[in-house]
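Visitor: need the 3D shape of this:
(one chain, ligands or ions: 2)
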Amino acid sequence: MPETQVVVEEPLMRAVMAAVQLPNVSDREFEASLCELRELAKTLGYEVVHTFVQKRAGFDRTGYLGVGKRQEIASFVSGEAGAVDQDGVPILLEAGAGDIELILVDHEISPSQARNLEVEAGCQVMDRTMVILEIFHRNARSRAAKAQVEIARLGYMAPRLREAAKLAGSQGRQRSGVGGRGAGESHTELDRRKIRDRIAELHKEILAMEVERKTQRARRQVNQGLASVTLVGYTNAGKSTLMRALTGSDVLVANKLFATLDTTVRTLHPEGVPRVLVSDTVGFIKNLPHGLVASFKSTLEEAMDASLLLHVIDASDPGFERQLEVTDTVLAEIGADAVPRLRVFNKIDFVGDEAAQAECEASLRAAYPGCVVMSARNPEDVSRLHQQIMSVFQEELVEAELFLPWSAQQFRKAIYEGCEVLSESANEDGAIFHVRGEPAVVEKLQAQFTAP
Ligand SMILES: Nc1nc2c(ncn2[C@@H]2O[C@H](COP(=O)(O)OP(=O)(O)OP(=O)(O)O)[C@@H](O)[C@H]2O)c(=O)[nH]1
Ligand SMILES: [Mg+2]
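Guide: Ligands and ions are numbered 1, 2, ... in the order given. Model prediction:
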């Protein structure tokens, strides 16, 4: 299937990853996390050419990794042979050393750890949180998403800028630490108050946008009844692809993490009764920075008004179970665990050969009763899901008789739009419709015509 977006491939910049494996983290979990960081780096335009790992009981307070590991990284970054470790033993250079632009750290580290690592290795350092914030920053399109990301970034940067300012005061001017890009010397002069003011200003902006959104939302509900579905799930699971397939819309699909940051609402297509709204939402990830959870909460909460959540899971990802748990946790955090949920295991076409797919499907069905196993790229699967969604809502429909006086014929259109009309007859005083529709919609129509 052709990709929906023309991606201009720029040459990737070279980066290394560094990670401490703590005792309570299994090898598998550790590997999965590194794999994900590699994908995050790629989304930012970096190729990871080497990974430095170290098992430790805790992070080194000075530089996250032990001093020996830091020296190893420093010589790899510089690409210069001849360096020696703390015991005077020459450090052997691995192939591909030198010309490294960035060190990625797979945890959130403190400003001073980042700075020390940066100074010793002679190269910019970005921790996992900063990487995610940077991706959100680049992908934010709407005014609301931009403001939310900026709040999260300021929250993250504030203590780091303070640290940089302190250092600049004591050692003269220096480059700022983690997140140094675009946040150079001038930022060290920004004091706390300025950041606080900016955050307050952004909050005000968001609040104003929320009021506007609520009005739109209320309008939508009045016009179209209440049936709505929200797609949620881990980043890159295929939510937007499903959204396109289910609604015939052209939302952005990309093999990148966090392609979607804004909630998009479209109508389920082909339309039926009731008319169902589908929302696409921002994806989740392990260790989603707290600032971001808070920022996106309002956007997500709106989506959580849905009557049904479709939790989309990438069945072809070896780490899908962990991803599923992360999504469940975030949903619980934002208070959405009470909303009925359908688990949709997507990308089954991407799970090995036919035999492997059948085996995977059987084990998923056994482990998650009632789940859907499908491929968003298979039109038959999509139409089956479409039917399943419709039947959830149709179960709640009621049949009723509506009497419309001849004097109120302007409501005809509303009846046909809001309900399925099973039959129509007429007498001297008006028309009688036998309809099937959502209880709320039928009730509202009834109230409108019978009102004196
Ligand atoms: N093979 C296969 N690929 C799929 C399927 N569904 C989606 N993809 C691909 O997976 C990638 C991610 O899809 P998106 O729809 O952008 O994922 P998303 O969940 O919206 O991701 P975020 O917006 O980043 O949270 C794209 O390259 C899609 O083409 C599927 O059923 N099978
Ligand atoms: Mg998306």
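
Visitor: going by C-alpha atoms from here, please, whenever you check contacts or count neighbours.
Guide: Fine.

Visitor: tell me the mean pLDDT for whichever helix or strand Lys194 is part of?
Guide: With secondary structure defined by DSSP states H and E, Lys194 is part of helix 192-224. Helix 192-224 shows an average pLDDT of 78 in the prediction.

Visitor: state the next helix or strand along the chain beyond that helix.
Guide: The first helix or strand that comes after helix 192-224 along the chain, using DSSP H and E, is strand 228-233.

Visitor: so which elements touch that next one?
Guide: For strand 228-233, the helices and strands in contact under the criterion 3 or more C-alpha pairs under 8 Å, 6 or more residues apart in numbering; DSSP states H and E are helix 239-247, strand 277-280, strand 308-314, helix 320-333.

Visitor: could you list the paired strands of that strand along with their orientation?
Guide: Note on strand 228-233: by DSSP bridges, its sheet partners are strand 277-280 (parallel), strand 308-314 (parallel).

Visitor: Cys419 and Ala259, how far apart?
Guide: 36 Å (C-alpha to C-alpha, to the nearest Å).

Visitor: for ligand 1, what are the nearby residues on the stretch 151-300 of the chain?
Guide: Near ligand 1, the residues belonging to the stretch 151-300 of the chain are 235-241, 253-260, 282-283 when assessed by C-alpha under 6 Å from any ligand atom.

Visitor: quick check: which element contains Phe403?
Guide: Counting by DSSP H and E, the element that carries Phe403 is strand 398-405.

Visitor: which strand residues bridge whatever residue of the stretch 301-450 of the chain ends up closest to ligand 2?
Guide: Among the residues of the stretch 301-450 of the chain, Val312 lies nearest to ligand 2; the distance is 10.9 Å by C-alpha to the ion. Counting by DSSP bridges, Val312 is bridged to Gly233, Val344.

Visitor: verify the stated contact: Thr281 with Leu300.
Guide: Yes - with contact defined as C-alpha atoms under 8 Å, Thr281 counts as touching Leu300 (7.2 Å).

Visitor: neighbour count winner among those two?
Guide: Neighbour count, other C-alpha atoms under 10 Å: between Thr281 and Leu300, Thr281 has more, with 25 against 21.

Visitor: ramachandran angles for the more buried one?
Guide: Backbone dihedrals for Thr281, given as degrees, to the nearest 10, come out at phi -130, psi 170.

Visitor: do you know how far it is from Thr241?
Guide: As for Thr281, its distance to Thr241 is 12 Å (criterion: C-alpha to C-alpha).

Visitor: try Asp381
Guide: Noted for Asp381: a distance of 13 Å to Thr241, by C-alpha to C-alpha.

Visitor: before we move on, what about Gln54?
Guide: In terms of C-alpha to C-alpha, Gln54 sits 38 Å off from Thr241.

Visitor: okay, those two: which has more neighbours?
Guide: Thr241 (21 against 14).

Visitor: my read is that that one contacts Ala376, right?
Guide: Yes - when contacts are counted by C-alpha under 8 Å, Thr241 is listed as touching Ala376 (6.4 Å).

Visitor: could you list the domains of this protein?
Guide: Listed domain ranges for the chain are 13-138, 143-203, 225-394, 398-450 (source: automatic domain parsing).

Visitor: which one of the ones you listed has the lowest average pLDDT?
Guide: Confidence, taken as mean pLDDT, is least for domain 143-203 of these (a mean of 71).

Visitor: returning to that earlier point: out of the helices and strands packed on strand 228-233, which comes closest to Leu104?
Guide: Ranking the helices and strands packed on strand 228-233 by proximity to Leu104 (C-alpha to C-alpha) places helix 320-333 first, at 21.4 Å.

Visitor: for the closest one, which positions count as buried?
Guide: 320, 323-324, 326-328, 330-331 (16 or more other C-alpha atoms under 10 Å).

Visitor: same question for stretch 427-445.
Guide: Residues of stretch 427-445 classed as buried by neighbour count (16+ other C-alpha under 10 Å): 431-439, 441-442, 445.

Visitor: so which of the residues you listed are in helices?
Guide: Where the buried residues of stretch 427-445 overlap with helices, as defined by DSSP state H, the overlap consists of 439, 441-442, 445.

Visitor: which of those residues sits closest to ligand 1?
Guide: When these are compared for distance to ligand 1 (C-alpha to the nearest ligand atom), Val441 wins out at 31.5 Å.

Visitor: so what's the spatially closest residue to Trp406 that is not a sequence neighbour bridging to?
Guide: When the adjacent residues along the chain are set aside, Trp406 lies closest to Gly430, with 4.5 Å between them (C-alpha to C-alpha, 6 or more residues apart in numbering). Gly430 has these beta-bridge partners by DSSP bridges: Pro405.

Visitor: residue contacts, Gly430?
Guide: With contact set as C-alpha atoms under 8 Å, 6 or more residues apart in numbering, Gly430 has these partners: 403-407.

Visitor: what distance do you get for the residue lying farthest from the centre of the chain to Gln448?
Guide: The centre of the chain is farthest from one residue, Glu428, which by C-alpha atoms, centre = their mean lies 57.7 Å away. To Gln448, Glu428 is 20 Å away according to C-alpha to C-alpha.

Visitor: with Gly272 instead?
Guide: With distances taken as C-alpha to C-alpha, Gly272 is found 23 Å from Gln448.

Visitor: and for Ala15?
Guide: As defined by C-alpha to C-alpha, Ala15 lies at a distance of 65 Å from Gln448.

Visitor: still on that earlier bit, and the buried residues of helix 320-333, which is closest to Gly63?
Guide: Ranked by distance to Gly63 (C-alpha to C-alpha), the buried residues of helix 320-333 are led by Val326 at 28.7 Å.
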